[in-house]
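J.: Task: produce atomic coordinates for the following.
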Amino acid sequence: MPLLAGLLELPWIFVLARHQVPESSAHHLRLLWCGLDLMEVAALIGTGLGVRRHAPWLPTVAATAATLLLCDDWFNTVTSTGWQLVAAAVMGLIELSLAVLCYRISLRAARAVGNPLARRS
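T.: Numbers count the residues shown, from 1 in each chain. Sure thing, here's the model as predicted:
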């Protein structure tokens, strides 16, 4: 089902890319950023707690934290101009470094619990 959903979404992306207004304002932008940041905080705290407790759910939470950090960096970079773009680049270094760390934690934890998808090839 997820494979089918992904394949069906591809044409929609092309439609949006071709017909989307180049610049638009978003309502509730503060809520969007605060919500994303709160989700990152929750995932990072969960990752830290999972590492301390050797929790079986650590691979999922750490991968989620990494993905949220990547999304945040992407949104910051794409929506910034001028000096904000410089700030986004600096923050991006921190976010990308944290994302790599979280992905490594996720992979190591998955291997530790014997996840067959995390085996080395």
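J.: show me what contacts Leu44?
T.: If a contact means C-beta atoms under 8 Å, 6 or more residues apart in numbering, then Leu44 has 65, 98, 102 as its contacts. (C-beta placed from N, C-alpha, C; glycine too.)
J.: Pretty sure the first one sits against Thr47.
T.: Yes. At 4.9 Å, Ala65 and Thr47 qualify as touching, with contact defined as C-beta atoms under 8 Å.
J.: Name the residues contacting each of the two.
T.: Listed as contacting both Ala65 and Thr47 by C-beta under 8 Å, 6+ apart are Cys102.
J.: Which elements pack onto the lengthiest helix in the chain?
T.: Longest helix in the chain by number of residues (criterion: DSSP state H): helix 83-112. Identification of packing neighbours for helix 83-112 by 3 or more C-beta pairs under 8 Å, 6 or more residues apart in numbering; DSSP states H and E yields helix 29-53, helix 58-78.
J.: winner for burial among those helices?
T.: Among these, ranked by average contacts under mean count of other C-beta atoms under 10 Å, first place goes to helix 58-78 (a mean of 20).
J.: Kindly spell out which helices and strands sit in contact with it.
T.: Judged by 3+ C-beta pairs under 8 Å, 6+ apart, the packing partners of helix 58-78 are helix 29-53, helix 83-112.
J.: before we move on, back to that, JSON lines for the helices and strands packed on helix 83-112, including distance to Gly114 and mean pLDDT?
T.: What follows is the helices and strands packed on helix 83-112, written out as JSON lines (distance: least, C-beta to C-beta, whole Å; pLDDT from 0 to 100):
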{"stretch": "helix 29-53", "distance to Gly114": "16", "mean pLDDT": "92"}
{"stretch": "helix 58-78", "distance to Gly114": "11", "mean pLDDT": "95"}
